[in-house]
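1. Based on what follows, work out the 3D shape:
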Amino acid sequence: MKKIIIIVFVAFTVYSCKTTFKSTENNTASKQSTNDKTADFTLAFGSCNKPNQKNLLWDDVAAVNPDVWLWGGDIIYADTEDMAKMEADYNLQKKQKGYDALLKQTKILGVWDDHDFGANDAGVEYPKKEKSQELLLDFLGVDKNSARRNREGVYHSEVIKTAKGSVKIMLLDTRYFRTDISKKSVNGDQENRTILGEKQWAWLENELVNSNAQFNIILSSIQVIAEKHPYEKWANFPLERKKMLDLIVSSKANNVILLSGDRHISEFSKEEVSGLAYPLIDFTSSGMTHASKNFTKEYNPARIGKVVSSISFGVLKINFDKNSVEMEMRGDDTLQQKIEQVYPLK
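-> Modelled structure (predicted):
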């Protein structure tokens, strides 16, 4: 048995001939009420963040009281081969009011996307990726003696145990090994094109096949399910996308959820995958300091609900007894959209 419950939008606010959809009648979510006491585990995540702009959402993140915060990429907008500039950008983010407090009380994990990797839409060809990796791991506080310091790529997994169950988080590196995305490559031979690279694929398969966690969360900086837009996405690598979905099925890992960023919009996408006993959700949350305010429409037949095009971050609230997760898009003092997925019991 499976079900998805969608919280219907009940209020509409119009700004400059643009309709913004909110999920609370007064468009305001009390900070005191955002921490749901029924959740056994709370995860918050976000992407597309500029440290030289005012960060408005860290008090809202703190109000959710997450067990872990995940960076989904574009933590900074360095876009440079000047490593001193990149390091300065990371240091500026560490000093942001609210984020500095979160660092002291919350587990922080994350990966990069193109702008913190080093260049717009960059992949394997970026020449400073080794040093860029070092700076990201420094920012995330990874121990200098960690094996991650001697491995190509920033992919990583952790299992977080609670009194009622465990959650496995798998962070994918969609940049270090990713081959060319030129129009010629996208429309050409797919056999030798990759997002994750051979070693990372082997790692991910092992992580999923051997997972005993009740919930398995895969964070990809770019969208996995949405296929129709013209921007970066797994669908630009159709064999890689199919390989990902096939692996999720064949691994038999419990309750897999996809998280993504990059787009400067937030949306839920759903795909019914053959062999999977529940709908696969890709929760896209982007961006934190800037969003596509002039967004009008974009075709995505997999979308659930509406696109949120104001600044936001994502929240997952897991209930192990119900085998369910509530997924929320939250903005500055607002609950923007919410769905609940109840997974089949085994």
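2. Return the residues in contact with the spatially closest residue to Val68 that is not a sequence neighbour.
-> Nearest residue to Val68 in three dimensions, chain neighbours excluded: Lys107, at 4.5 Å (CB to CB, 6 or more residues apart in numbering). C-beta: built from backbone N, CA, C; applies to glycine. Contact analysis of Lys107 by CB atoms under 8 Å, 6 or more residues apart in numbering lists 67-69, 160.
3. With Met288 instead?
-> Contacts of Met288 (CB under 8 Å, 6+ apart): 46-49, 55, 57, 311-313.
4. rewinding a little: put together CSV for the contacts of Lys107, with distance to Ala101 on each row.
-> Converted to CSV, the contacts of Lys107 look like this (distance: CB to CB, whole Å):
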residue, distance to Ala101
Asp67, 16
Val68, 16
Trp69, 12
Ile160, 21
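5. Considering the residues you listed, which is situated nearest to Leu135?
-> Using CB to CB, Trp69 comes nearest to Leu135 of those, at 18.9 Å.
6. How about the helix or strand the closest one falls within, which residues are buried there?
-> Assessed by DSSP states H and E, Trp69 sits inside strand 68-71. Neighbour-count burial for strand 68-71, counted by 16 or more other CB atoms under 10 Å, picks out 68-71.
7. got it, and stretch 41-61?
-> Here stretch 41-61 shows 41-51, 55, 57-58, 60-61 as buried, counting by 16+ other CB under 10 Å.
8. Now do the phi/psi pair for Pro51.
-> Pro51 adopts backbone torsions of phi -70, psi -20, taken as degrees, to the nearest 10.
9. Could you find the closest non-adjacent residue to it?
-> Going by CB to CB, 6+ apart, Pro51 has Gln93 as its nearest residue, at 3.8 Å.
10. burial count for Ala147?
-> 9 (other CB atoms under 10 Å).
11. For Met244, see how far away it is.
-> 24 Å (CB to CB, to the nearest Å).
12. Near Thr334, how many other residues are there?
-> 22.
13. try Leu135
-> 21.
14. which of the residues in the host helix or strand of it are buried?
-> Assigned by DSSP H and E, Leu135 belongs to helix 129-139. Neighbour counts over helix 129-139 (16+ other CB under 10 Å) mark 129, 132-137, 139 as buried.
15. Turn these into CSV, columns for distance to Phe320.
-> Output for these, formatted as CSV (distance: CB to CB, whole Å):
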residue, distance to Phe320
Lys129, 39
Ser132, 38
Gln133, 35
Glu134, 37
Leu135, 37
Leu136, 32
Leu137, 31
Phe139, 32
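16. right, and out of these, which lies closest to Leu258?
-> Closest to Leu258, out of all of those and judged by CB to CB, is Leu136, at 21.5 Å.
17. what residues are up against that closest one?
-> Here Leu136 is in contact with 75, 90, 110, 112, 116, 154 (criterion: CB under 8 Å, 6+ apart).
18. Return the member of those residues nearest to Ser324.
-> Distances from Ser324 to the contacts of Leu136, taken by CB to CB, are shortest for Gly110, at 25.6 Å.
19. Would you check how far apart the closest residue to the closest one other than its chain neighbours and Ser251 are?
-> Distances taken as CB to CB, 6+ apart put Trp71 closest to Gly110, at 2.8 Å, once the chain neighbours are dropped. Distance from Trp71 to Ser251, counting by CB to CB: 25 Å.
20. wouldn't the residue nearest to Gly110 be in contact with Ala44 here?
-> No - the pair Trp71 / Ala44 is not scored as a contact, 10.5 Å apart, by CB atoms under 8 Å.
21. ok, and the closest non-adjacent residue to Tyr231?
-> Arg263 (6.8 Å).
22. Just grab the bridge partners of the closest residue to Val342 other than its chain neighbours for me.
-> Of all residues not flanking Val342 in the chain, Ser324 sits nearest, at 4.3 Å (CB to CB, 6+ apart). Going by DSSP bridges, Ser324 is paired in beta bridges with Asn319, Val342.
23. ok, Ser324 - contacts?
-> Counting by CB under 8 Å, 6+ apart, Ser324 has contacts 318, 340-343.
24. which one of those residues is nearest Thr289?
-> Ile318 (27.2 Å).
25. Now do the same contact list for the closest one.
-> Applying CB under 8 Å, 6+ apart, the residues near Ile318 are 39-43, 167, 215, 324-325.
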